[in-house]
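Sequence first, predicted coordinates after that:
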Amino acid sequence: MSRLISFVIPCYGSEHTIEGVVEEIMALHKSHQEDEYEIILVNDSSPDHVWCKICALSKKYDNVKGINLAKNFGQHAALLAGYRYTRGEIIVSLDDDGQIAVEDTYKIMDELEKGYDVVYGKYRVKQHSRFRNWGSRLTKTMMVHLVDIPKDFEGSSFYAAKRFLIEEMGKYENPYVYLPGLVFRSTNKITSVFVNHRARKEGRSGYSLGKLIALWINGATTFSVKPLRISALLGIVFAMIGFVGACVVVMNKVLHPDMMAGWSSLICVILLVGGILLISLGTIGEYIGRIYLCINKTPQYVVRDFENGISGSDESMSRKNEI
């Protein structure tokens, strides 16, 4: 039975690799001609000439389509932009750097037939840099404790999802997009399978330390109130410590009237408590600022151009932001 499969690929700094990824998908289709497919390439305002490459590919292949974002909105927002223009029964997401083995796509999709709503690829050996692997581990730790994903879950940017789940994710309209949070709040029928991960042929990951920190903050505050609860808990703990400390100081003063006050210890306490207060206020301020930007209808993304048949009227899942 014929199915339409939609591949969505966010593009950033991949002028020299995206064509190889598209050709791998073409080769995959030749061995599975029972399925139809479309490829949606989303240029996340890449500083290189990847948009020119996308336009050339869309002219070469009828089923390759392009979306050009007006500025860099991040990988997750770019993916959501692509999702809103898909037509497939199954939507497959993957990276643009050529490290993902596209031939494993059907290994992932076969798991969907077992009743799962989304299936992630996981790597036995990650061919990322040490910094990127460290960032991935830290991101997973954050998700386990703040977004409540299972501790044994292993995922990646290579996954396949059913249409209804992508449509549900497309209903999200706030500016801070965190796709794992959208997935795990929508379904619990999630699994992962081992896939191959290849060494990077050229270039380097687009995730800098700043972008990783922004991603952690986004995931921690968009789909969880636990940071606020942690702030409140810290406040309670230090209030109790302060009360006990005050009782000790008073008793010592009563028992030893000539005892000199400890200036150094007092300054340390003031700095510690002041730091905790500032962290708590900063956390509250982050939430309030996000609420303000949501009320202000800050866009998730802004589309500058479409290529090869996509137009504003094609968006079927949510509102569009376009200039």
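The structure has been received and is ready for your questions. Numbering: from 1, shown residues only.

Can you identify the element that follows the least confident helix or strand in the chain by mean pLDDT toward the C-terminus?
The weakest-scoring helix or strand in the chain, judged by mean pLDDT, DSSP states H and E, is helix 130-142 (a mean of 65). Following helix 130-142 in sequence order, the next helix or strand is strand 159-162 (DSSP states H and E).

Residues touching whatever helix or strand comes next after that next one, excluding its own?
Counting by DSSP H and E, the next helix or strand C-terminal to strand 159-162 is helix 163-170. Helix 163-170 is contacted by residues 80, 83-84, 86, 88-91, 117-118, 179, 182-183, 186-187, 317-318 when judged by CB atoms under 8 Å, 6 or more residues apart in numbering. The way it works is simple: take the backbone N, C-alpha and C, and place the C-beta from them, glycine included.

What are the boundaries of the strands in the protein?
Ranges of strands in the chain, per DSSP state E, are 4-11, 36-43, 64-69, 90-93, 118-123, 159-162, 190-195, 303-307.

Could I get the ones you listed in JSON lines, plus columns for mean neighbour count and mean pLDDT?
Listed next are the strands of the chain as JSON lines, based on neighbours: other CB atoms under 10 Å; pLDDT from 0 to 100:
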{"stretch": "strand 4-11", "mean neighbour count": "25", "mean pLDDT": "95"}
{"stretch": "strand 36-43", "mean neighbour count": "24", "mean pLDDT": "95"}
{"stretch": "strand 64-69", "mean neighbour count": "24", "mean pLDDT": "95"}
{"stretch": "strand 90-93", "mean neighbour count": "24", "mean pLDDT": "96"}
{"stretch": "strand 118-123", "mean neighbour count": "24", "mean pLDDT": "91"}
{"stretch": "strand 159-162", "mean neighbour count": "23", "mean pLDDT": "95"}
{"stretch": "strand 190-195", "mean neighbour count": "18", "mean pLDDT": "91"}
{"stretch": "strand 303-307", "mean neighbour count": "18", "mean pLDDT": "91"}
